[in-house]
Each structure stands twice: as C-alpha cells, then as structure tokens.
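Asks: 3D, please:
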Amino acid sequence: MNRQTEERALARPMITNYLKYWRVIKFWVQEKYKLTSGELDMLLFLHDEEIFGHEKYNEFNELLSWNKGRLKKLIDEEWIEPWRQGNGKRGSKALYEVSYKTKRVVNSIYKKLSGEEIPESLMNNPIFYKNVSFKSKVYKNFIIQMNKDLRKMRASKRNNQL
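Replies: Model (predicted):
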C-alpha cells in the first residue's frame, strides 16, 4: 500500500460492517433452531414489539411467502406466546408477545453480527455434525475461517489500542 492510499484509508471514518456475515449467521440460526427464512424474518420483525395483535403480525406477513400456518407453528413451538386470549363476545382481540426463547435467539443474532464467534462445537452447532448436507459442510468451513478472521480482527484492535 502506498503512502497516499494509506493516508486515505486512515482518514475515512471506521465503518462497522454488521451485515458482512449475515448469510452465515442466518443459516446457522435456521439450522440450529429449525426455522424457515420467513419464520426468522417474522421473529426479527416482532422482536421489539412489546405486545401485538393479528393486525401487526399480518402487516409484515404480507411481505413473506404465503404460509397459512406460520403463526400457529410459532405459537406451538413457543416462539410466540399468547398475552391475552381473544373473546369475540366482548370484542377483545387476542394479543401476543415474543417468548423469552425468541428474545434469547435474537440477542444472540445481534451478538454474532457484532463480532461474536459462531460456536464450532457439536453440542452448540448442528452444522458441525458428521452426517450433514454438502451445503452445511461448505458453511462449516466458512464458519471456521470467519471465526479465525474475527479473532485476528480483535487481536489487531487490541494491539492498536496499546
């Protein structure tokens, strides 16, 4: 790198690249928790809604591929919990909230996007099992390299701070 290029690089503000590994993190979450892309997108959308009804759910659901049973599945698998049962006679509508399980997973996603490593152990990552698809093996190799890169980046930042 010549001097001008180096000076320009140092003059630019530090850009945080949160979405660099989004595809890998999304695949890991989908494999680990057996979620479809649409289900994960829905949980990410609903995560910061304290309490929501069918209207809010359907607002985002219109953007996703058609899946009539998505809400029922998310409730059955305890990703979404009923907050209040609806009562047609009194006119009150059913309300929901995301579960503690959902909050934990979404917070884990944010940590991974911020540079936390994806686990490489069999217990915490089904992608590292022996009998997995070719696609999972490709992601496994990428996760190993990604984690190495993240460790180098953290070490470099520590050295620069000294």
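Asks: now the helix or strand that contains Asn141: average pLDDT?
Replies: Using DSSP states H and E, Asn141 sits in helix 134-161. For helix 134-161, mean pLDDT is 91.
Asks: can you pull the contacts of the residue nearest the centre of the chain?
Replies: The residue lying closest to the centre of the chain (Cα atoms, centre = their mean) is Ile109, at 3.9 Å. Ile109 sits next to Ile25, Val29, Leu44 when contact means Cβ atoms under 8 Å, 6 or more residues apart in numbering. Using the backbone N, CA and C atoms, a C-beta is placed for each residue, glycine as well.
Asks: and the nearest residue to the first one once chain neighbours are set aside, its phi and psi?
Replies: I take that to be Ile25. Nearest residue to Ile25 in three dimensions, chain neighbours excluded: Lys112, at 4.6 Å (Cβ to Cβ, 6 or more residues apart in numbering). Phi and psi for Lys112, reported as degrees, to the nearest 10, are phi -60, psi -40.
Asks: tell me which residues in stretch 50-66 are buried?
Replies: For stretch 50-66, the neighbour count (16 or more other Cβ atoms under 10 Å) marks Phe52, Tyr57, Phe60, Asn61 as buried.
Asks: swap in stretch 127-136?
Replies: For stretch 127-136, by 16+ other Cβ under 10 Å, it's Ile127, Phe128, Ser136.
Asks: the first one reaches Tyr139, doesn't it?
Replies: Yes. Under the contact definition of Cβ atoms under 8 Å, Ile127 touches Tyr139, with a separation of 5.5 Å.
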